[in-house]
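what follows is a protein structure lacking sequence information:
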């Protein structure tokens, strides 16, 4: 009895399993076919059939669309682009066996965002039909297929999405995306050339002492800024002492000759002395004046003012002063050094203006001209300035095989430092183009150079063929029409959204 009671629960579990298995098998037999098995509907001969976008993969890896009744006809759609521009290739089948490509007449109509419908016709080639036009990227479209075969017309539709993302208008401002319109524009192409900031050779001054002597003090040093008239060095010069002595003697003789002349003039006027004595005194006065003038000229030629010769007993002190305001770029003098009058002891450069030495390649020599406006930008900082091309070398360097152009830049604030590497943009002219977009709207997506077109609340990548640019606007040769809207600003956000959406390159 006890064993019989233990078997009852086991039998109940087995019975329940049998009932559940029967229900599952019955449900599977009555479940509808998968979407992939329903790919088209056949109509009577001469009638039209509208198929759904449901399809399955064909023998060539494309989309296979079949007529359901008898499964006697099918067309496989592929896009072939291995080493060539993408084109449709269609394969025809009857009862799963290949048909000659001329057995049916096929047309396809593609509808894209923001573009008119595009009709493709096909011609036989090898064992397939090939489209008469290239399938432009991205391969994102709604497609309608129409096939005429043995007096019957069959139609299917399908769509595929690529490089497209939905972003509502209220989202754009928050992520920094702006919408602009492609339109005609005037492009000012700029030739970008490398260069370097150098000193303005016209404002470099060599400082020499003008007098031989011994250096007693050096007041300014390499790299310091100086103003015109500042003392650079002090020299003790025996020659200067002699010249100052001569000037003093000449002045004293002038004073004596002036006194003598006045006395002789009065005596002659009072008929006390002879006129000859008066004339002799006048001649001596003239000679004394000439002697003073000559001594003064000698001092001024050395940069010494005759009026400042009363320096006590230190008549040998000579102060070398800065002839211009600028930067000391070289110094070859030291305290105690014996100098000649023509020794180069300082080099001073006025850096209120500098030159940009631009490398001009032979192919660009016809473009660069004197008088052209140029924008110069430092390569390692945000320093920027404008100038004019003032000179172009007539000879090409033997080593570099390039010419050099010179651009003058204002540098009152000292932003430009000689030795800085720069890039110069020289405006080559003005060109009117039928379609242009903002330069910052251009993005890269895989191997494409694209702009993101705006269509309703969708962005879709538009591969571009670009022309000339001036750094601000860029010419569009193909890929976007005038009047189409596109994204500028933070277009990286759109690119990131495409990555999240997984909008891959699928055919």
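Great, that's in hand. It should be emphasised that the depicted structure is a prediction, and the values quoted were computed from it without experimental measurement. Numbering: from 1, shown residues only.

when you work out contacts or count neighbours from here on, use the C-alpha atoms and nothing else.
Will do.

if you average pLDDT over stretch 402-409, what comes out?
Stretch 402-409 shows a mean pLDDT of 92.

ok, residue 66 touching residue 58?
No: using Cα atoms under 8 Å as the test, residue 66 is too far from residue 58 to be in contact (10.2 Å).

and these two? Which one has more around it.
Between residue 66 and residue 58, counted using other Cα atoms under 10 Å, the more crowded position is residue 66 (30 against 17).

how far out from the middle of the chain is the helix or strand hosting residue 239?
Assigned by DSSP states H and E, residue 239 belongs to helix 238-269. Chain-centre distance of helix 238-269: 74 Å, with Cα atoms, centre = their mean, to the nearest Å.

got the buried residues for that helix?
Buried positions in helix 238-269, judged by neighbour count with 16 or more other Cα atoms under 10 Å: 238, 240-241, 243-251, 253-254, 257-258, 260-261, 264-265, 267-268.

could you point out the helix or strand that follows it?
Helix 238-269 is succeeded, C-terminally, by helix 275-301 (DSSP H and E).

for that following helix, name the packing helices and strands.
In terms of contacts (3 or more Cα pairs under 8 Å, 6 or more residues apart in numbering; DSSP states H and E), helix 275-301 is packed against helix 238-269.

just want the angle from the helix it packs on to helix 275-301.
Computed by axes from the mean of the first three to the mean of the last three Cα atoms, to 10 degrees, the angle separating helix 238-269 from helix 275-301 equals 160 degrees.

and helix 238-269, what does it pack onto?
helix 275-301, strand 317-321.

quick one: the ones you listed as TSV, columns for distance to residue 488, mean neighbour count and mean pLDDT too.
Output for these, formatted as TSV (distance: least, Cα to Cα, whole Å; neighbours: other Cα atoms under 10 Å; pLDDT from 0 to 100):
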stretch	distance to residue 488	mean neighbour count	mean pLDDT
helix 275-301	67	17	87
strand 317-321	59	22	90
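
turn those into TSV, including distance to residue 111.
Listed next are the helices and strands packed on helix 238-269 as TSV, based on distance: least, Cα to Cα, whole Å:
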stretch	distance to residue 111
helix 275-301	89
strand 317-321	82
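
look up the closest residue to residue 457, ignoring the ones flanking it.
residue 168 (5.1 Å; Cα to Cα, 6 or more residues apart in numbering).

residue 451 is in contact with residue 466, correct?
No: between residue 466 and residue 451 there is no contact under Cα under 8 Å: 10.8 Å.

more neighbours, these two?
residue 451 (28 against 17).

quick one, what contacts the more buried one?
By Cα atoms under 8 Å, 6 or more residues apart in numbering, the contact set of residue 451 is 441-443, 461-464, 486-487.

same check on residue 361?
Residue 361 sits in contact with 401-403, where contact means Cα under 8 Å, 6+ apart.

ok, residue 128 next?
By Cα under 8 Å, 6+ apart, the neighbours of residue 128 are 89-92, 100-101.

coming back round to it: for residue 423, which of the helices and strands packed on helix 238-269 is the nearest?
Nearest to residue 423 among the helices and strands packed on helix 238-269 is strand 317-321 (37.7 Å), distances taken as Cα to Cα.

note down every partner strand of the closest one and its orientation.
strand 231-236 (antiparallel) (DSSP bridges).

for residue 129, find the nearest of the helices and strands packed on helix 238-269.
strand 317-321 (91.0 Å).

if we can go back for a sec, and the contacts of residue 128, which two are the farthest apart?
89 and 100, at 13.3 Å, using Cα to Cα across the contacts of residue 128.

these two - which one has more neighbours?
residue 89 (22 against 16).

tell me the contacts of the residue nearest to the more buried one when sequence neighbours are not counted?
Nearest residue to residue 89 in three dimensions, chain neighbours excluded: residue 130, at 4.7 Å (Cα to Cα, 6+ apart). Residue 130 is in contact with 87-90, 122-124, counting by Cα under 8 Å, 6+ apart.

mind telling me what element residue 130 is part of?
strand 128-131.

now do the helices in the chain.
Remark: helices assigned in the chain by DSSP state H are 2-30, 169-175, 238-269, 275-301, 492-501.
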